[in-house]
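1. dropping a prediction and its sequence here:
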Amino acid sequence: MLPEPILWWGAALAVSAGVVVPYARQFRRRIAHDRERKAEAAALGIDKPSAQFPFIDPAHCIGCGACVRACPEGDVLGIVGGTAVVVNGLRCVGHARCEVACPVGAITVGLGDMRSREDVPLLDEHYQTTLPGVFIVGELGGLSLVKNAIAQGREVMRTIRKRGGGDVIVIGAGPAGLAAAIEAVSLGLQCTVLEKEENLGGSLLHYPRRKMVLLQPVEVTSSVVLSKEQYSKETLLELFESLVAKHVLDVRFGTSVHSLQRDGDMLVVNGELRASNVVLALGRRGSPRKLGIPGEELPKVMYRLIDAESYRNQRILVVGGGDSAVEAAVGLSMQPGNVVTLSYRREKLVRIKKKNEDAFAKAKINTIFNSQPLEITPTHVRMQTGGGVVELENDYVFVFAGGVPPFELLKKSGIRMGGQAS
């Protein structure tokens, strides 16, 4: 019989093997899975930066996976070869929780080199465009999230104040524009806000009712801090309305901007409004992008969903494959009697948030990939699919094909975009 110490060590090794071996197998499977996801993302063209993006320093990364676990979107990052890598860059929306979670400071979230991006205006380190005195804040400059929009809006006004001040025209009354205007008033600057809609909110205004907006803590003013992780659309709009009243902001609703040019030392908006500085806080959506097919002018065709509960016992087609389309399809599918179909031109959903992906998987939605509408009639929609042309009985069509950004205004004003020669 073996001595007792040897028996004890043998038992300990057996127990250790029982724990370590399964863990090692699971670890190898995870690495293989991340490699497959990275290869698939590269094949689909979604591994590259779209706007905000996690930048990883492989010399410092220890492969602990803290960044992977911290990301709310689920699969932006993975571990391959013992190092964190970006496996689905288009899903990054700039939460920067990976940056906070990394124990060795090996990851930062920011913008890549925008000089080659034809859909992003060229900005200096103070968010000034190539037209002196004109600044861009918010997602039009390439960086998403309400937190970033508010921080940029405030920072730009501080820059303007340091440069001698002067009056300011802010174009857009979303989070970026309102934060900029409030900061301007706080700094003693004369400020006017122009908003094409009849209400505040910018892109928030078009969110579905009770939609939750994911935030990071952000200081809106010196006395107002948004500290929760989620706020409803209605709560944020009420906050902005109260701040506009408190700071007595000059907001001119129903005012679209069609021209911006320099006249000597002044900037002229719409040929009549003059100011020393202009802050563009327009967002990137602009006008809804249309499909360009017969029947798209019918009243049954919508470009945003405000209240899903208004639609019951309807046959509904949702066109698009992004978060807005998926959220609309899920919301509509939850209403009594609705039959919801999602049409998407690609072979799978590749750009949606993790929570939307999970909700979509559980919802009762008919999905037609590799498809495009050809014609909309009062009672049907003709669709081109991989199997040929089909007709769907239909009561409503919701189109979420993105928006047409306000690039034409920028170009007419002489503001250079990335990829343009100097």
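-> Right, received. Where do you want to start?
2. so what's the residue count around the residue nearest to Gly166 when sequence neighbours are not counted?
-> Excluding its sequence neighbours, the residue lying closest to Gly166 (CB to CB, 6 or more residues apart in numbering) is Ser276, at 2.9 Å. (C-beta placed from N, C-alpha, C; glycine too.) Ser276 sits with 18 neighbouring residues when counted by other CB atoms under 10 Å.
3. now do the contacts for Ser276.
-> Counting by CB atoms under 8 Å, 6 or more residues apart in numbering, Ser276 makes contact with Gly133, Gly165, Gly166, Asp167, Val168, Asp265, Met266, Leu267.
4. what segments of the stretch 201-350 of the chain are helices?
-> 233-246, 323-333 (DSSP state H, counting those that start in this stretch).
5. if we can go back for a sec, let me know the closest of the contacts of Ser276 to Val225.
-> The nearest member of the contacts of Ser276 to Val225, counting by CB to CB, is Val168 at 24.1 Å.
6. double-check that closest one against Gly188; I have them as touching.
-> No - the pair Val168 / Gly188 is not scored as a contact, 11.3 Å apart, by CB atoms under 8 Å.
7. show me which of these two is the more surrounded one.
-> Neighbour count, other CB under 10 Å: between Val168 and Gly188, Val168 has more, with 28 against 9.
8. bridging residues for that one?
-> Per DSSP bridges, the residues bridged to Val168 are Cys191, Asn277.
9. now Val397
-> Per DSSP bridges, residues listed as beta-bridge partners of Val397: Val301, Leu317.
10. how far does the strand or helix carrying Val193 sit from the chain's center?
-> Of the helices and strands defined by DSSP states H and E, Val193 is found in strand 191-195. Distance of strand 191-195 from the chain centroid (CA atoms, centre = their mean, to the nearest Å) equals 24 Å.
11. just checking, what packs against that strand?
-> strand 168-171, helix 175-186, strand 250-253, strand 273-275 (3 or more CB pairs under 8 Å, 6 or more residues apart in numbering; DSSP states H and E).
12. same thing but 7 Å
-> strand 168-171, helix 175-186, strand 250-253 (3 or more CB pairs under 7 Å, 6 or more residues apart in numbering; DSSP states H and E).
13. for those, which one sits closest to Ser223?
-> Of all the helices and strands packed on strand 191-195, helix 175-186 sits nearest to Ser223, with 10.0 Å by CB to CB.
14. low pLDDT regions in the stretch 301-422 of the chain?
-> 419-422 (pLDDT under 70).
15. on that earlier part again, list the ones among the contacts of Ser276 that fall in strands.
-> In strands, judged by DSSP state E, the following of these are found: Val168, Met266, Leu267.
16. from Ile62, how far off is the first one?
-> It stands for Val168. Applying CB to CB, to the nearest Å, the value for Val168 to Ile62 is 46 Å.
17. next one: Ile293
-> Taken as CB to CB, the span from Ile293 to Ile62 is 53 Å.
18. got TSV for the ones in strands among the contacts of Ser276, with pLDDT and distance to Ile316 too?
-> Below are these laid out as TSV (pLDDT from 0 to 100; distance: CB to CB, whole Å):
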residue	pLDDT	distance to Ile316
Val168	96	44
Met266	94	50
Leu267	95	45
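19. and the gap between the residue nearest to Gly166 and Asp250?
-> Per CB to CB, Ser276 is found 16 Å from Asp250.
20. show me what contacts Arg284?
-> Glu139, Leu140, Gly403, Pro405 (CB atoms under 7 Å, 6 or more residues apart in numbering).
21. how far away is the nearest residue to Leu349 once chain neighbours are set aside from Glu375?
-> Once flanking residues are discounted, Leu349 sits nearest to Gly321: 5.3 Å by CB to CB, 6+ apart. Using CB to CB, we find Gly321 at a distance of 21 Å from Glu375.
22. from the contact counts, what lies against the strand or helix carrying Cys98?
-> For Cys98, the element it lies in under DSSP H and E is helix 97-101. Using 3+ CB pairs under 7 Å, 6+ apart, the elements in contact with helix 97-101 are helix 66-70, strand 107-111.
23. quick check: next helix or strand after the first one?
-> Yep, that's helix 66-70 we're talking about. That would be, after helix 66-70 and using DSSP H and E, strand 77-80.
24. would you mind listing the buried residues in that next one?
-> Neighbour counts over strand 77-80 (16 or more other CB atoms under 10 Å) mark Leu77, Gly78, Ile79, Val80 as buried.
25. which non-adjacent residue is nearest the first one?
-> Beyond its immediate neighbours in the sequence, the residue positioned closest to Leu77 (CB to CB, 6+ apart) is Val68, lying 4.8 Å away.
26. mind listing what the one you found touches?
-> Shown in contact with Val68 (CB under 7 Å, 6+ apart): Leu77, Gly78, Ile79, Ala84.
27. which stretches of this protein have low pLDDT?
-> Applying pLDDT under 70 to the chain flags residues 1-52, 93-94, 110-119, 144, 201-217, 285-286, 419-422.
28. quote the end-to-end distance of stretch 62-79.
-> 10 Å (CA to CA, to the nearest Å).
29. kindly report the same for stretch 187-194.
-> End-to-end distance for stretch 187-194: 19 Å, by CA to CA.
30. next: stretch 169-189.
-> Taking CA to CA, the first and last residues of stretch 169-189 lie 10 Å apart.
31. now stretch 364-374
-> 24 Å.
32. which residues touch it?
-> Residues outside stretch 364-374 that contact it (CB under 7 Å, 6+ apart): 291, 293, 319, 329, 333, 340-348, 381-386, 389.
33. just how off-centre is that stretch within its chain?
-> 23 Å.
34. that one: which residues count as buried?
-> Within stretch 364-374, the residues that count as buried by 16+ other CB under 10 Å are Ile365, Thr367, Ile368, Ser371, Pro373, Leu374.
35. stretch 65-76 now?
-> For stretch 65-76, a neighbour-count test (16+ other CB under 10 Å) marks Gly65, Ala66, Cys67, Val68, Ala70, Cys71, Glu73, Asp75, Val76 as buried.
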